[in-house]
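Colleague: Give me coordinates for this.
(4 chains)
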4 protein chains.
Amino acid sequence: MNNTLGQNVSITLFGESHGEAIGAVLDGIPSGIKIDRDFIAKKLSLRRPFGDISTKRQEKDDFKIISGLNGDITAGTPICIIIENEDVNPDDYENDIKPRPSHADYTAYKKHGVEGVLSGGGHFSGRLTAPIVAAGAIAMQILEKKGIKIGSHIKSILDVEDRDFADFYSDISVLQDKNFAVLDNEAAKEMQKTIEKAALENDSVGGIIETAIIGVDAGLGEPFFDTLEGALAKGLFAIPAVKGVEFGAGFSITKMFGSVANDQMEIKDGKIRTLTNNSGGINGGISNGEPIVMRIAVKPTPSVKKEQKTVDLQSKTQTTLIVLGRHDPSIVHRARVVADSIAALTILDMLSRNEGSKGLRI
Amino acid sequence: MNNTLGQNVSITLFGESHGEAIGAVLDGIPSGIKIDRDFIAKKLSLRRPFGDISTKRQEKDDFKIISGLNGDITAGTPICIIIENEDVNPDDYENDIKPRPSHADYTAYKKHGVEGVLSGGGHFSGRLTAPIVAAGAIAMQILEKKGIKIGSHIKSILDVEDRDFADFYSDISVLQDKNFAVLDNEAAKEMQKTIEKAALENDSVGGIIETAIIGVDAGLGEPFFDTLEGALAKGLFAIPAVKGVEFGAGFSITKMFGSVANDQMEIKDGKIRTLTNNSGGINGGISNGEPIVMRIAVKPTPSVKKEQKTVDLQSKTQTTLIVLGRHDPSIVHRARVVADSIAALTILDMLSRNEGSKGLRI
Amino acid sequence: MNNTLGQNVSITLFGESHGEAIGAVLDGIPSGIKIDRDFIAKKLSLRRPFGDISTKRQEKDDFKIISGLNGDITAGTPICIIIENEDVNPDDYENDIKPRPSHADYTAYKKHGVEGVLSGGGHFSGRLTAPIVAAGAIAMQILEKKGIKIGSHIKSILDVEDRDFADFYSDISVLQDKNFAVLDNEAAKEMQKTIEKAALENDSVGGIIETAIIGVDAGLGEPFFDTLEGALAKGLFAIPAVKGVEFGAGFSITKMFGSVANDQMEIKDGKIRTLTNNSGGINGGISNGEPIVMRIAVKPTPSVKKEQKTVDLQSKTQTTLIVLGRHDPSIVHRARVVADSIAALTILDMLSRNEGSKGLRI
Amino acid sequence: MNNTLGQNVSITLFGESHGEAIGAVLDGIPSGIKIDRDFIAKKLSLRRPFGDISTKRQEKDDFKIISGLNGDITAGTPICIIIENEDVNPDDYENDIKPRPSHADYTAYKKHGVEGVLSGGGHFSGRLTAPIVAAGAIAMQILEKKGIKIGSHIKSILDVEDRDFADFYSDISVLQDKNFAVLDNEAAKEMQKTIEKAALENDSVGGIIETAIIGVDAGLGEPFFDTLEGALAKGLFAIPAVKGVEFGAGFSITKMFGSVANDQMEIKDGKIRTLTNNSGGINGGISNGEPIVMRIAVKPTPSVKKEQKTVDLQSKTQTTLIVLGRHDPSIVHRARVVADSIAALTILDMLSRNEGSKGLRI
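Modeller: A predicted model of the protein is given here:
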């Protein structure tokens, strides 16, 4: 089941970026839950190209839910979300025989052959994350009722850094409405400048997205193999361009002594809490009640308008390529709502495993 | 299926560190393959406590294969591996009511209650990785016949760094026989000193393990969701103490411009190759034929003989704890063969999905 | 994953009979395979209401494939099939509060509540089998190239019986083009009369469908649990109205002595064959090279225009109900192509597990 | 995952009948549940050879639980059950080259080759059902606390029939302690005579097992594909010798008119009930609150001491065979506790999907 993620709550993805439509089937959502379509639309809008720092390709991302709802109420049956591809411009993509470096062109060709390489990246396109966002927005609405909130900020673009999360609750609130999700406004401006500068130089940049999930009680996650970290990571690595996933202190924890890395425990306001959160809210693969904090590394968009060495797959000779077409000089700000969505879908699945489909209703 | 990993080739894990035995069921291995038990024993020996820098708990890790083999030949049926726990010393572990900071004690308690907390960490113990290594050693033997080799080195302990992989083939060969898998011998000595020093100070250290998988043809991996990265990461995050997973340039790719990060392509010795390997051998979730390179962040062992703040779960009051017992001041050198094993099991599963169980026989 | 069937080749189903559209996502089909849309249309036409013996509800079942194809060639990505609901007439269905006996109305209500009961049976409707047929028709085209053919006949309607399969190859050929798939033409007429008579009496009838799968080599099936019989049965029981599944001699084998029931073996035309086929082509959960023969029991349509006792779910009082609307006096002849489709999808999945996705290409 | 059954609650099976040990890993059982080992032993005793009508091979079926329990209390971790093979007598089995008709010998050979054919049937042996019974006995103990009871009787041996279930509650109670589970004592004697007579004639007989599950609330089952019938059938077809599965009226429902087959509804003692139970407690793949009733067809044991035609796999010539060794002239009475166990495991899995692992605790 290559295109299905999750056990009790699952998403099945389909579509190609330059085909007729893309979509997802969200299964395992119990009946009787009111869904706010505007909330879904708003989340989709956060994924769309933004300002001067995104592709000029315009997608309205109008979604249709063609099953699983009775009016606005879930029916307990699979919810199929369809997003039609409107602004298809296949002329831009004539590089099928010359794979774009660090794109999926070559690997798709090796896996699926010439017929498998739909122009423009097809099924491997970042465009496929739109239905993930729509499905994630449904998951989020259920989680909200459970007191669980999810929010991401751009932790860095190239060498420009945002401040850390401070008060998770208010920070997440603020991030919900931002198109460019950075906590520090000065950093936001610097990051946008960095992206614009890269665009002017026909280049691209990447960055780090940091996601926080708050309100998750201790006890979520199913080790040995279905750890909370492993389940989240599997979903996050499906986001195109992600090359690393870390939780809590992540890789930097390897620079600490154990006595420093350990999150010592205390009683605070009558609750068991940790003094630090180097564990990122997860111990032994199970949530510990602290905010779950994770970061993903998003590589610079591989489509750059600079001459690059590549090969001609037909003649098997070396050649060069300048990737034309409408591309993002950075996708980090667009990917953060995808990270939120993967988090929401994964947490909801784990919650269903603990509490059953019945438990998701309340 | 919380304790089962993999689709066509799967491993199901069971056991507690201080119970009667631990083990694994390896399913999906075709018949007719000769298994070298000495190879399994050797891999297990690499996971065992080593020299002065490991726990004094001695485990021989004698394994028994109680099903799935006809003599030394696989029968095509599930292979059950059993490792008995010999040196159980439960007196050391009386901390059930006082959770050890950054251990799974508290989360296991919240998930499973008092009854679920088997003394000594139980099912969440690093000891559970022994059957993973035994199963991985079987997978490796099949992969070897397919020309696929896997090897890991300790990239860093605290701030001591090993050199990078140079020639993958010879580096992996050298690493196979090392108990302390470091490429640079001077770095190895420094790392061991660092660990010993931490031990003397009743503290612990972590580090980074870098794994290379060579000989994998382009075309392995099943996006959108069963990407090679996601499948590997899910397994790697099951290794206790892992807090981060990255591929290729990983998090550092976010500091590069796209034109630098991209792995440009060329024809070399008649083969399509990339000039760099920032992608870590994977594009779009599918192997590209280059070495697959990944790193995991292993946190310092949370068991330190220093006083730490914790809580008494019964009285719900603050207290302190000094973790006694026999513990490793670092588990990085022991974990690297576990990383190899997870890699082997995952690659074999993906290979089976491409080529079928029949395809694994040759 | 409630609505997903299959491991390597999988189908995910969505939609309600009176919603906007129904459909399926077919995953695991390798690239490079030419798909004949007319063949799909033809298979769908066999499922449609037929002559005087079916519902007057007319559905053209025009299908769209919105992903996974590059022209007519599979791309290796999930194939999403959409069938729009054209002739929705919800006024006919006002029985939500009075469950129709032996329908899913009451169980859907108990599982999903009032909101979950979409009028007309919703997701539990036989209409949902249309996308299964479309997906099955794609699977059949791949199986055909592997020399595997599937065909079903109506073994009985009420007490009218068709003759047994004689020459499987020619019988299956003949059945392909029949709207009313009966081998003996006289029996066909009798069966149709039986259905028409039941319709005139405002009643309904059921029957038995017998399916043969020929050309499957010995070795397909993955016991202990993923037996060929178990995998087929799981899919077949998803067809609404199926209450029994049997293979080979089925229940009647319990009336035989072992010495009679056993399929003795011989060499025939240089091949190992059995003298009889009481095993239905499967031993120990694995195909034995003989034709796979199975039968399903299809109950009479529960919608009858006779007064029946039921309950009012709101007032919790007894009441009666006459099911109005357009209903089939029998669905047996329509269900047989669904049985073929489930068989095709299951066999293709098992083939992929043996030979890999690569193995399906040839 | 060929040897794993179930989603939230799963069983993974391993072992060969003439290897060192057989066993199962039961996963998804929550912590804190007291397990009665005597109950498991008692259920295993019901599966053992019985009186004169069974194989002379004696197996004590002493089981060990080597993980997942803290004393007698479940720990929430996988429960591994081991049953050692004591009375292995491989000399009896020298038929590897001459496949026994209607056994798995030939199909195992075609799937796994010579190496895959462990003498005596190996992994395909009925012996493998012992760990299923042990795991099922654990599931039953949890279900009992939920008010769910399961019992099977031998509905028929050859042409001797037992009476139907009358009062489910008392009938199931009576059946629990019977080694030869027949409701009518006269029928029981006749059946035993039939088996003894077949044994004297070096032949074997089969029969039908009818299972009832009572106390299941309406709402269990996950259509479209994970129907209660499909999930049960998949497990039941894994029992060696099962060739048919039916629910409620089963195949005989095809001989009824819809108006007769339909289970009309009424209010009885304040509860919604059906007047008949032709649906076998399941509509639309979901339990309706009535007793779940199902039947399986168990074929006559294929091992008969009569000369039968077979082939020599090495020389590819025709030959004959008399199956020697210790075999059961009928396994129906031994298989009924296996049917109970599959039912228990399946119902528990479905319950967990509805109520979560937390819901299983109470």
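
Colleague: From now on I want contacts and neighbour counts done on CA atoms only, so please keep to that.
Modeller: Noted.

Colleague: Point me to the residue of chain A nearest chain D.
Modeller: Closest residue of chain A to chain D, C-alpha to the nearest C-alpha: residue A:356 (3.5 Å).

Colleague: residues in contact with the residue of chain A positioned farthest from its centre?
Modeller: Ranked by distance from the centre of chain A (C-alpha atoms, centre = their mean), the top residue is residue A:315, with 37.4 Å. The contact partners of residue A:315, by C-alpha atoms under 8 Å, 6 or more residues apart in numbering or on different chains, come to none.

Colleague: mind running it again at 10 Å?
Modeller: By C-alpha atoms under 10 Å, 6 or more residues apart in numbering or on different chains, the contact set of residue A:315 is residue A:97.

Colleague: Next SSE downstream of the helix or strand bottoming out on mean pLDDT in chain A?
Modeller: Every helix and strand in chain A was compared by mean pLDDT, DSSP states H and E; the lowest is helix A:105-116, with a mean of 86. Using DSSP states H and E, the helix or strand that directly follows helix A:105-116 along the chain is helix A:129-145.

Colleague: Mind checking the pLDDT average for that following helix?
Modeller: Per-residue pLDDT over helix A:129-145 has a mean of 98.

Colleague: that older thread, is chain B contacted by the least confident helix or strand of chain A?
Modeller: Yes - residues of helix A:105-116 are located near chain B by C-alpha under 10 Å from any C-alpha of the partner chain, namely A:105-112.

Colleague: Kindly report the same for stretch A:337-352.
Modeller: No - remark: stretch A:337-352 sits outside contact range of chain B, by C-alpha under 10 Å from any C-alpha, the gap being at least 10.7 Å.

Colleague: Tell me which residues touch residue A:259, please.
Modeller: B:101, B:202-205, B:300-308.

Colleague: okay, these in JSON lines with pLDDT, neighbour count and distance to chain C next?
Modeller: Listed next are the contacts of residue A:259 as JSON lines, based on pLDDT from 0 to 100; neighbours: other C-alpha atoms under 10 Å in any protein chain shown; distance: C-alpha to the nearest C-alpha, whole Å:
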{"residue": "B:101", "pLDDT": "95", "neighbour count": "26", "distance to chain C": "36"}
{"residue": "B:202", "pLDDT": "96", "neighbour count": "18", "distance to chain C": "48"}
{"residue": "B:203", "pLDDT": "97", "neighbour count": "24", "distance to chain C": "46"}
{"residue": "B:204", "pLDDT": "97", "neighbour count": "31", "distance to chain C": "43"}
{"residue": "B:205", "pLDDT": "98", "neighbour count": "33", "distance to chain C": "42"}
{"residue": "B:300", "pLDDT": "98", "neighbour count": "31", "distance to chain C": "38"}
{"residue": "B:301", "pLDDT": "95", "neighbour count": "25", "distance to chain C": "37"}
{"residue": "B:302", "pLDDT": "95", "neighbour count": "28", "distance to chain C": "37"}
{"residue": "B:303", "pLDDT": "92", "neighbour count": "25", "distance to chain C": "39"}
{"residue": "B:304", "pLDDT": "95", "neighbour count": "29", "distance to chain C": "43"}
{"residue": "B:305", "pLDDT": "94", "neighbour count": "20", "distance to chain C": "46"}
{"residue": "B:306", "pLDDT": "95", "neighbour count": "16", "distance to chain C": "47"}
{"residue": "B:307", "pLDDT": "96", "neighbour count": "13", "distance to chain C": "47"}
{"residue": "B:308", "pLDDT": "97", "neighbour count": "19", "distance to chain C": "44"}
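
Colleague: so of the residues you listed, which ones are in strands?
Modeller: residue B:308 (DSSP state E).

Colleague: Export the contacts of residue A:259 to TSV and append columns for distance to chain A.
Modeller: What follows is the contacts of residue A:259, written out as TSV (distance: C-alpha to the nearest C-alpha, whole Å):
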residue	distance to chain A
B:101	5
B:202	9
B:203	6
B:204	5
B:205	5
B:300	5
B:301	6
B:302	6
B:303	8
B:304	7
B:305	9
B:306	7
B:307	9
B:308	6
